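Asks: I'll drop the sequence and a predicted model, then ask my questions.
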Protein chains: 2
Amino acid sequence: MREVAIIGIGQTKVAEDWEHSLRQIAGEAIVAAMLDSDRDRADGLFVGNMMSGLIGEQENLGVLIADWVGLPGVEAVKVEAACGSGAAAVRSAIMAVSSGALDCALAVGVEKMTETRGVDITAALATAADADYEAAQGVSFVGLNALVMQRYLYEYGWKHTDFAPFSINAHANAMHNPFARLHEVITEKDYHIARMIAHPINLLDASPVGDGAAALVIVPLESASRNGKPAIKIIASASTTDTLAIHDRKDPLWLSAAAASARKAYSQAGVGPQEVDFFELHDAFSIMSALSLEASGFAERGQAPRLGLEGEITSQGRIPICTRGGLKARGHPVGATGVYQLVEAVQQLRGEAGENQIDGAKIGMAQNIGGSGATVITHILAAAGQE
Amino acid sequence: MREVAIIGIGQTKVAEDWEHSLRQIAGEAIVAAMLDSDRDRADGLFVGNMMSGLIGEQENLGVLIADWVGLPGVEAVKVEAACGSGAAAVRSAIMAVSSGALDCALAVGVEKMTETRGVDITAALATAADADYEAAQGVSFVGLNALVMQRYLYEYGWKHTDFAPFSINAHANAMHNPFARLHEVITEKDYHIARMIAHPINLLDASPVGDGAAALVIVPLESASRNGKPAIKIIASASTTDTLAIHDRKDPLWLSAAAASARKAYSQAGVGPQEVDFFELHDAFSIMSALSLEASGFAERGQAPRLGLEGEITSQGRIPICTRGGLKARGHPVGATGVYQLVEAVQQLRGEAGENQIDGAKIGMAQNIGGSGATVITHILAAAGQE
C-alpha cells in the first residue's frame, strides 16, 4: 500500500446561495484545490454528496462535475454515507491512490441545500436514519439527537448549559474563518435563551445546513511536492459502522463506531489521543461533540462537558476542537462537511490557519459521522516528517 | 497493487416485488454470495445503488445493509454512478482489497423500483442525465437514446428491424436463467409489431426495470480458495467518463468513454477483443448494444448490427453477448445491473451457466454504463490460471 499525501485544498464559503448551482460550487472548490496543488490534471474524481437525488433530481454527480471542471475522461463516481459522505469520498480517493490505480485523485464534498424542489430539508436529512424503523415513526434527525441528549443529561447529571462551551468555542473560532457561514460571537446567555428546537436541543446546539463545497488533491507521498511547501501526510484512514437505528444499540450514549474508528486510526498512525494536537469533530449537535470526544479517548464516559467548562477545547486548551468553526458555525453542508474538516486540518498543519492557528500543530485528527453515529470515518494527518 | 479474485456470487430474481424491501433483497444476494464463498465474514461492504434517496427516502445504504445482514462494525458506503453504480461499487471493493485496506470485501448492487413514493420512474431515471441541460428540456432517458438510434439509422443506413437480433438473442438466453425477469421467446415479427415508446425505440428495444440485487465476494488472489473450485481472477478494472450531456459530444454515435474504458481494460489484462470469449454489455436499449460493441473493438463503426444479423452474438457465435439475458431480458434494476453482469460472467467462467454455457469460456468481459455513455466501467475476468 502506497503512502499518500494531500497537496491541494479548496473550499467555498458556506452560505445560503441562490446564485450558484451544485456543479458551480463544486467546480469552484476543485479549481482552488488544483491551483493550490500546482497540478493541472487529476486522473480521478470522488464526489461526496448525500442528497442531490432527492432534492436536486440529479444523480451521476461524478461525471457531471468532472465534465464541468474540464477533466475529460477521468474516472468519477459519487460516494454516499449520509453526513459522512465527504470523508467517505476522501477515503475512496485514498484507496484509489494507495492501490496504485490512480496517481492523482480529487475528492470533493458538495451539497446544495437551498433549492430543494419543495422537499422539506428536515425530511431529507431524515434519510440518514432508518426510513422503515425510525423516520416512518415521525421522528426527525434532530429528534433522535434530542432523545440522546436528554438521556445523557439524565444519566450523567449535567445541566443543559454545561454544553454551552461547545457552541461558544465554535462560534468564536468561526469569526476568523472567511469560509464560515456564521460570523457571530455568542455568549452563555445567548445559548441559555436560544429558541428550543427539540427539547433539550435548542438553536445554538444545532449546526446550520447550507450550500458548500470543499476539495482535496491526493497523491502518492513519494511524488508529493507542492510549491516547495511540505505536503500533508495521511497517516490514518479508518471507516467503521454501528447499527443504523439508535434503538438497536446496547447503549445509546456510546458511539461504538466512533470508538472503533478512532482505535483503528490510532493503530495505523502509531499515535494515541495524547499525541493529537487538534480534533475536527462532527458537532452536528453539541451532544455529538461530547460523544465523539469520549469515544475517541479524549474524555472519560460522561465527562466530556468538563473539557468545555475547563477551556480545554479552545485553541489554547489541551485538545482544541472545531478550530475554524466546526459544523456549528462554519456550517454543515452535509455531504461536504467531511472534506471541510480535512481542508481545515491541512490549514492547521501547514500553519495557514491565521488567527485560528494552533501553535506547533503537528498531528491533527478529523472525524466525520453519517447518521446518529452509524457510519464513522476518522482520518489522522501529519505534516510530512512529523509523524 | 495486490491481485484480486471473486470467490462468491449471489443474486435475486429480477422482479416486480411487492413483498420484500430493499434491505431484504440486498441481504438475500449477500447471504447467497457469502455461502457460495465459504466465508462467514467480510470486512467491507460497497453498495451500488442509484435512486434510493429519491424514490425510497433512504440514504446511508452502506450501514443500513451491513446492519441488516449482520456485519457489525464493517466499513460500508454507497457508490453511485447512475446505471453504472453496480460496477462502480465493485471497482471500489477491488481498490479496497488491492490497496491492502481490506482483506475481504463485499460488493452488492441493489435497486428497488416497484415502490416509488409516487415519484415517476421515468423522471427518476432522468436523474442519470443532466438535470439542468437535458431533463429540464423535458427529454427523458429513453428519449435521448431514441435520438441517438434515429441518428444511427440515418447515418449508417440500417433498418430498424436490423436491430431485432439483439433483443431476440437476449430473450432466448434468459429462458435458461432462473433469475431473469422475462421468460418469453420473441420473434422478429414480435419485434416488428411491438408498441412504440419513443421513435424509433419500441418496447422490445428497451430493457425492463425491476427490483433486484446481486453480490460478489472479493479477496486477494493469494488467499482465493473456494471449496476447492477455481477462483475467478479480475484481470482488468477500468473506469472512464465522457461528457454527461450527449449534445456536448463531437459525435453522438461514438461512445468515447466506452472506447477508453475498453482500451484501458485490454491493456491491464494483456488481451484484445479477439481473446474475449463473451461480453456482458449494457443493452439498456438495443442501440447501446451496437455502440458498446463498436467502441469495444468487436465491430467497425456503424457495423455492429451485422454481428447480430450473422448470428455472431449468440452463444455459438464469435462474440456471445447478454449470455443470461442481458438488461433486455434478465432485467435492469439500475444500480444492481453492473453486479448482475459480473455474477453472470463468473458463472460462465466457472462452467456453471447451464444451458447458457459458452463452450470453453476462459476470458469474459463486462461493461456497465451510467447515463448515455457518460460513465463506463469495464471489467475483464479470467478463470485463475487462464489469463
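Replies: Arrived safely, thanks for sending.

Asks: Now do whatever residue of chain A ends up closest to chain B: how many residues are near it, please.
Replies: Of all residues in chain A, residue A:99 sits closest to chain B, at 3.6 Å by Cβ to the nearest Cβ. (Each C-beta comes from the backbone N, C-alpha and C, glycine too.) Here the number of neighbours of residue A:99 (other Cβ atoms under 10 Å in any protein chain shown) works out to 21.

Asks: Would you agree it is in contact with residue B:102?
Replies: No - using Cβ atoms under 8 Å, residue A:99 makes no contact with residue B:102, being 10.8 Å away.

Asks: For the closest residue to residue A:319 other than its chain neighbours, which residues are in contact?
Replies: Nearest residue to residue A:319 in three dimensions, chain neighbours excluded: residue A:298, at 5.1 Å (Cβ to Cβ, 6 or more residues apart in numbering or on different chains). By Cβ atoms under 8 Å, 6 or more residues apart in numbering or on different chains, the contact list for residue A:298 reads A:273, A:279, A:304, A:307, A:319.

Asks: For residue A:298, what is the enclosing helix or strand?
Replies: Assigned by DSSP states H and E, residue A:298 belongs to no helix or strand.

Asks: quick one on the thing from earlier: overlap in contacts, residue A:99 and residue B:102.
Replies: In contact with both residue A:99 and residue B:102: residue B:96, using Cβ under 8 Å, 6+ apart.

Asks: Look up which helix or strand the closest residue in space to residue A:296 that isn't next to it in sequence falls in, please.
Replies: Counting by Cβ to Cβ, 6+ apart, residue A:296 lies nearest to residue A:262, which is 4.1 Å off, once chain neighbours are set aside. Here residue A:262 sits within helix A:256-269, counting by DSSP H and E.

Asks: can you pull out the strands in chain A?
Replies: Here chain A has its strands, by DSSP state E, at A:4-11, A:44-48, A:75-80, A:105-111, A:196-198, A:201-202, A:212-220, A:232-241, A:278-280, A:363-370, A:375-383.

Asks: what bits of the stretch 1-150 of chain A have low per-residue confidence?
Replies: Judged against pLDDT under 70, the stretch 1-150 of chain A has no low-scoring part.

Asks: can you tell me which residues contact residue A:311?
Replies: A:165, A:317.

Asks: distance of it from residue A:318?
Replies: 9 Å (Cβ to Cβ, to the nearest Å).

Asks: wouldn't residue A:73 be in contact with residue B:240 here?
Replies: Yes - in this structure, residue A:73 is within contact of residue B:240 by Cβ under 8 Å, at 5.3 Å.

Asks: For the nearest residue to residue A:152 once chain neighbours are set aside, list the residues it contacts.
Replies: Excluding the flanking residues, the one nearest residue A:152 by Cβ to Cβ, 6+ apart is residue A:253, at 5.6 Å. Going by Cβ under 8 Å, 6+ apart, residue A:253 touches A:148, A:151, A:152, A:155, A:291, A:301, A:302.

Asks: Need the buried ones from those residues selected in PyMOL.
Replies: Only the buried entries of the contacts of residue A:253 go into this PyMOL selection, using 16 or more other Cβ atoms under 10 Å in any protein chain shown:
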select buried, chain A and resi 148+152+291
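
Asks: how about the contacts of residue A:253, which pair is most distant?
Replies: By the measure Cβ to Cβ, A:148 and A:301 form the most distant pair in the contacts of residue A:253, at 13.8 Å.

Asks: and the nearest residue to residue A:330 once chain neighbours are set aside, how many residues sit next to it?
Replies: Excluding the flanking residues, the one nearest residue A:330 by Cβ to Cβ, 6+ apart is residue A:180, at 4.3 Å. Residues near residue A:180, counting by other Cβ under 10 Å, number 25.

Asks: Check residue A:384 too.
Replies: Count around residue A:384 with other Cβ under 10 Å applied: 17.
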